[in-house]
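Student: Next one to model:
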Amino acid sequence: MRVVVVDDHEAVRTGLERVLEASAGFSVVAALPDDSGLFALLDRERVDAVVLDYDLDRTDGVSLCLRIKHRPAPPSVVIYSAYAAPGIVLAAAVAQADAVVHKAEPVAKLLGVLRRLGRGERVLSPPEPGLLETVASRLDPADLPVMALMLDGAEPHAIAQALTLDEREVVSRARRIVGQLQAGRSRGAPPPAYTASTP
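Tutor: Next up is the predicted model:
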C-alpha cells in the first residue's frame with residue numbers, strides 16, 4: 001500500500017514514516033508537513049491512502065479530506081487526531097474520510113486500519129445519532145439532504161443527480177457544511193460543535 005503522511009509535527013511525521021517503511025506491505029510515497037504540493041503529488045503518483053493530521057497549521061484535516069475526496073478516483077483518507085471527541089467522526093464522515101484514528105492509540109491500530117482499507121473494508125463508525133441531530137439543527141435545512149447523502153458516501157455527481165442540483169452546487173454546499181462543522185475551530189482545540197451536548 002502506497003501511503004502519504006501529512007502531519008506538521010516533525011516527530012510524528014518522521015515516526016510514522018519509519019514505522020510504515022519498516023512494516024510489511026507499506027511504502028511511504030511522501031511525508032509532508034502541510035498540504036503544499038499534496039495535490040501535485042496526487043496528480044503524478046499512485047497513492048492508496050493519505051494519513052492526515054486533524055490539526056494542521058494552515059488548515060484542518062477534515063477540510064483537506066473533502067478536497068481530496070472530490071478528486072477523481074481519490075485515495076483512502078485516514079484522519080489522525082489527537083482528540084477523542086465523537087463529533088470529529090461526524091465531521092470526518094461528512095467529508096467522506098475512510099477512518100479516524102486517535103493518536104493515543106498504538107501505531108499498530110493505524111496499521112491495522114490501513115490494511116483493512118486496503119482490503120476494501122468500511123472502517124469509519126457511524127456518528128452518534130444524538131450528536132447528528134444536534135449538529136443538523138445548526139445547519140441550513142436546504143443542506144441537510146446533501147449532508148445525508150454525503151454520510152452515505154455518495155459522490156458529488158450522484159448527489160447532484162439525486163437532488164437535481166448542479167454538481168458545482170453540491171461541491172459548494174459540501175464545503176459549506178464542513179465549514180459550518182468546523183466553525184470556531186482554533187489551533188490546538190476541536191471546534192465548539194464537537195463538544196456540544198446531545199439532547
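
Student: Output the longest helix belonging to the chain.
Tutor: Identified as the longest helix of the chain according to DSSP state H is helix 167-181.

Student: I'd guess Arg13 is in a helix, am I close?
Tutor: Yes - judged by DSSP: H, G, I helix; E, B strand; the rest coil, Arg13 forms part of a helix.

Student: Do you know the pLDDT at it?
Tutor: pLDDT for Arg13: 93.

Student: just Ala148 next, same as before
Tutor: Here, the pLDDT recorded for Ala148 equals 88.

Student: element containing it, please.
Tutor: helix 144-151 (DSSP states H and E).

Student: Using CSV, write out every CA atom in that helix.
Tutor: Output of helix 144-151 as CSV, limited to C-alpha atoms (Å, rounded to 0.1, in the frame of the first residue of the first chain):
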residue,chain,number,x,y,z
LEU,A,144,-29.4,18.5,5.2
PRO,A,145,-30.2,16.3,2.2
VAL,A,146,-26.7,16.9,0.8
MET,A,147,-25.2,16.0,4.2
ALA,A,148,-27.3,12.9,4.5
LEU,A,149,-26.1,11.6,1.1
MET,A,150,-22.5,12.5,1.9
LEU,A,151,-22.8,10.5,5.1
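
Student: For that helix, give me every contacting residue.
Tutor: Defining contact as C-beta atoms under 8 Å, 6 or more residues apart in numbering, one finds that helix 144-151 is touched by 93-96, 126-127, 136, 139, 158-159, 162-163, 170, 173-174, 177. Every residue, glycine included, has its C-beta placed from N, CA and C.

Student: Which members of these are classed as buried?
Tutor: Ala93, Val94, Ala95, Gln96, Pro127, Leu139, Ile159, Leu163, Val170, Arg173, Ala174, Ile177 (16 or more other C-beta atoms under 10 Å).

Student: pLDDT check: weakest of these?
Tutor: Pro127 (72).

Student: thinking again about what came up before, so which of the contacts of helix 144-151 are in helices?
Tutor: Counting by DSSP H, the contacts of helix 144-151 place Ala93, Val94, Ala136, Ala158, Ile159, Ala162, Leu163, Val170, Arg173, Ala174, Ile177 in helices.

Student: Can you show me the CA trace of the helix or strand of the chain with the lowest mean pLDDT as CSV?
Tutor: The weakest-scoring helix or strand in the chain, judged by mean pLDDT, DSSP states H and E, is helix 129-136 (a mean of 76). Output of helix 129-136 as CSV, limited to C-alpha atoms (Å, rounded to 0.1, in the frame of the first residue of the first chain):
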residue,chain,number,x,y,z
PRO,A,129,-27.4,9.8,16.5
GLY,A,130,-27.8,12.4,19.2
LEU,A,131,-24.8,14.4,18.0
LEU,A,132,-26.1,14.1,14.4
GLU,A,133,-29.4,15.7,15.5
THR,A,134,-27.6,18.4,17.5
VAL,A,135,-25.3,19.4,14.7
ALA,A,136,-28.0,19.1,12.0
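
Student: what's that helix packed up against?
Tutor: Other helices and strands packing on helix 129-136, by 3 or more C-beta pairs under 8 Å, 6 or more residues apart in numbering; DSSP states H and E, are helix 87-94.
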